[in-house]
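Chemist: Sequence below, structure please.
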Amino acid sequence: MAVGNILEWTLISECPVPKDVEEILVEGEYAVAAYKTFRDSAIFTNKRLIVRDSQGITGKKVEIYSLPYSSINMWSTENAGKLLDLNAEVELWTRAGHIKINLQRGVDIRKFDKLIANAILK
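Modeler: Predicted structure coming up:
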């Protein structure tokens, strides 16, 4: 979902890696973790973040976003507060623009932060 010039996604919970993701991986690439989004999934591989976005009433139309880790210049994470602040947030500054990822309660922000750090800093 685009908001102005910011791309924004919400991750609901960790989930198994979808079987059909293998079709779009390149040689030497493998899935590391996957998260459920409202209508589909986000998959972290050893090379990039893939966000699949089912569209339309039937969900048969699928848009795939692919963000190579090499395009990420900086990131920040913010854990959820106590009462009214239910979502943790991750912001990525990339060559493609600004991306915001909301993590609903139950998604471990520190595990997510480590996942990004391992992908970018290796």
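
Chemist: what's the first-to-last distance across stretch 62-79?
Modeler: One end of stretch 62-79 sits 30 Å from the other (Cα to Cα, to the nearest Å).

Chemist: All the helices of the chain, residue numbers only.
Modeler: Remark: helices assigned in the chain by DSSP state H are 109-121.

Chemist: Around Lys111, count how many other residues there are.
Modeler: By other Cβ atoms under 10 Å, the residues close to Lys111 number 10. C-betas here are computed from N, CA, C, even on glycine.

Chemist: So it versus Ser13, what's the distance?
Modeler: Using Cβ to Cβ, to the nearest Å, we find Lys111 at a distance of 12 Å from Ser13.

Chemist: Would you mind confirming that Ala34 makes contact with Ile43?
Modeler: Yes. Counting by Cβ atoms under 8 Å, Ala34 sits close enough to Ile43 to count as a contact (4.8 Å).

Chemist: so where do the strands sit in the protein?
Modeler: Along the chain, the stretches classed as strands by DSSP state E are 2-3, 6-11, 13-15, 31-36, 41-45, 48-55, 61-68, 72-78, 88-94, 97-103.

Chemist: which strands and helices sit next to the third one?
Modeler: Just to be clear, that refers to strand 13-15. strand 31-36 (3 or more Cβ pairs under 8 Å, 6 or more residues apart in numbering; DSSP states H and E).

Chemist: Can you name every helix or strand that the strand it packs on contacts?
Modeler: By 3+ Cβ pairs under 8 Å, 6+ apart, strand 31-36 packs against strand 13-15, strand 41-45, helix 109-121.

Chemist: which of the ones you listed sits most buried?
Modeler: strand 41-45 (a mean of 21; mean count of other Cβ atoms under 10 Å).
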